[in-house]
Each structure stands twice: as C-alpha cells, then as structure tokens.
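Visitor: okay, predicted coordinates and the sequence, questions at the end:
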Amino acid sequence: MPKKQPQSSEPFSIRLPVQLYNKLFAVIAATGCEITRTDLIIRALETYIALLSCNPSMLEGYDKAKDLSVTQNK
C-alpha cells in the first residue's frame, strides 16, 4: 500500500483502555508494522464517523442535523 502524503495535523492525546491498546498493537503487528498508530486511529475515526452519518443511533444524543461536517442534500 502506498504511503499517504503527510498532512498538517493538530496534536491530540488519548488514554486507551489496556484491552483496546493491546488490540491496536495486535492489528499493527498483523500488518507487518506497515501502519502506524496514528494511521490506524485516523482510519478508525474516519470509518466510525462515516458509519455514524448513515446510522446516527450508534451514538446516543447525536443529532445529524447539527453536524456541520455532514453534507446535507436539500
């Protein structure tokens, strides 16, 4: 898989539960360490947000109408 071009980014720090942290590194190892933690977390967030726009009930209290990142068809 070709490497993506670097994009500007903002620093972001999260604390993961130990089980999720271990799963994260298991997935990285399964790629032969071809993906970084940052790449994997970005892909996971992009996927979750895409799913959320299709299924808003995945996140309690989420109001798709208030989400400015969602393209609205009018």
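Guide: Good, I have the coordinates. Numbering: from 1, shown residues only.
Visitor: okay, CA-based contacts and neighbour counts for the rest of this
Guide: OK.
Visitor: spit out the contact partners of L24.
Guide: R37, L40 (Cα atoms under 8 Å, 6 or more residues apart in numbering).
Visitor: please shift the residue numbers so they start at 337 in all later answers.
Guide: Fine by me, first position is 337 from now on; the one you just mentioned is L360.
Visitor: residues in contact with the lowest-mean-pLDDT helix or strand in the chain?
Guide: In the chain, no helix or strand scores lower on mean pLDDT, DSSP states H and E than helix 373-390, which sits at a mean of 91. With contact meaning Cα under 8 Å, 6+ apart, helix 373-390 is reached by L360, F361, I364, M394, L395, K400, V406.
Visitor: and the residue nearest the centre of this protein?
Guide: L381 (1.3 Å; Cα atoms, centre = their mean).
Visitor: for the protein, give me the ranges with low pLDDT.
Guide: 337-342, 406-410 (pLDDT under 70).
Visitor: 90 - rerun?
Guide: 337-350, 388-395, 397-410 (pLDDT under 90).
Visitor: quick one: the helices in it?
Guide: For the chain, applying DSSP state H gives helices covering 354-366, 373-390.
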